[in-house]
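Novice: The sequence isn't on hand, but the structure is:
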């Protein structure tokens, strides 16, 4: 599958993979900062997200294959990878399968463990938007507020909304496939999946995605892993505390 990516800068390739229901452009501000560090930044839309192709099939194995195709098509000898949440699971699995292609790995607010499905209300809200007709983005926000109280999360999700034609809005995600394959999102890495390269896990200290008891599991899969917590940040740590996140990642990437 030929993935869509927004690419800018010159230098060592840095590939960034967004989380569930996100898109590469969520990372544009940070991407420009990494460009200034001397990286060629690739903000990738994973399958069924953003401007990348839609498919009935959806799994980490497929997303790893998509990423491998992207890297080999671009003739990269090795890359640096950043992945948030679902994207973090993708880059973890990729690094374990293709360690020689990975220089440094950054995993954002996700552990290599199983997570039970927990996006039901969000998917219900997006389904309501998909099935409704409305005249403005604010109308869509009003509808989504019936399902999601947090305005910041609604704004994040509504980045998927685009004007299909003069009178119609649509979503850039393949909602049907993501709902049908929701159990794939939380899957754990297999015990034999190990990456021995340089790895940084970053978690928001108010998020519960990475817990203290996950430390041993992380080191079982990633023996060189460092784990850094960022204060006053939740699951979207890179957006909530962008400056602190940038500083931690800059040090790791530059060393």
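Specialist: It's in. For clarity, every value in this text was computed on a predicted model and none was experimentally measured.

Novice: Please name the bridge partners of the spatially closest residue to residue 226 that is not a sequence neighbour.
Specialist: Distances taken as C-beta to C-beta, 6 or more residues apart in numbering place residue 200 nearest to residue 226, at 5.3 Å, with adjacent residues excluded. From N, CA and C alone the C-beta is placed, and that goes for glycine too. Note on residue 200: beta-bridge partners residue 106, residue 226, judged by DSSP bridges.

Novice: what's the distance between residue 200 and residue 100?
Specialist: In this view, residue 200 and residue 100 are 19 Å apart by C-beta to C-beta, to the nearest Å.

Novice: neighbour-wise, which of those two wins?
Specialist: More crowded of residue 200 and residue 100, by other C-beta atoms under 10 Å: residue 200, with 21 against 8.

Novice: before we move on, the earlier item: could you pull up the residues touching the residue nearest to residue 226?
Specialist: Going by C-beta atoms under 8 Å, 6 or more residues apart in numbering, residue 200 touches 104, 105, 106, 107, 225, 226, 227, 228, 248, 249, 252.

Novice: was I right about the second one contacting residue 81?
Specialist: Yes: with contacts counted by C-beta atoms under 8 Å, residue 105 reaches residue 81, the gap being 5.2 Å.

Novice: what is in contact with the two at once?
Specialist: Common neighbours of residue 105 and residue 81, using C-beta under 8 Å, 6+ apart, are 91, 95.

Novice: got the residue ranges for the helices in the stretch 151-255 of the chain?
Specialist: Taking DSSP state H, counting those that start in this stretch as the test, the helices found in the stretch 151-255 of the chain are 151-157, 175-180, 182-185, 215-221, 237-240, 242-254.

Novice: What's the local residue count around residue 196?
Specialist: Using other C-beta under 10 Å: residue 196 sits among 12 other residues.

Novice: Nearest residue to it in space, please, no chain neighbours.
Specialist: Of all residues not flanking residue 196 in the chain, residue 223 sits nearest, at 5.6 Å (C-beta to C-beta, 6+ apart).

Novice: do residue 61 as well
Specialist: Computed as C-beta to C-beta, 6+ apart, the closest residue to residue 61 that is not its neighbour in sequence is residue 93, at 7.6 Å.

Novice: what about the one you found, how many neighbours?
Specialist: Under the neighbour criterion other C-beta under 10 Å, residue 93 is assigned a count of 24.

Novice: Then residue 18?
Specialist: Using other C-beta under 10 Å, residue 18 has 26 neighbouring residues.

Novice: Distance of it relative to residue 78?
Specialist: 22 Å.

Novice: go on, residue 169?
Specialist: 41 Å.

Novice: So which of those two has more stuff around it?
Specialist: Set residue 169 next to residue 78 and count neighbours by other C-beta under 10 Å: residue 169 wins out with 20 against 16.

Novice: close enough to count as contact, that one and residue 158?
Specialist: No: using C-beta under 8 Å, residue 169 is not in contact with residue 158; the gap is 9.8 Å.

Novice: Name the residues contacting each of those two.
Specialist: Taking C-beta under 8 Å, 6+ apart as the criterion, residue 169 and residue 158 both touch 137, 140.

Novice: residue ranges for the strands of this structure, please.
Specialist: 5-8, 12-17, 39-44, 79-84, 102-108, 161-165, 168-171, 198-204, 226-230 (DSSP state E).
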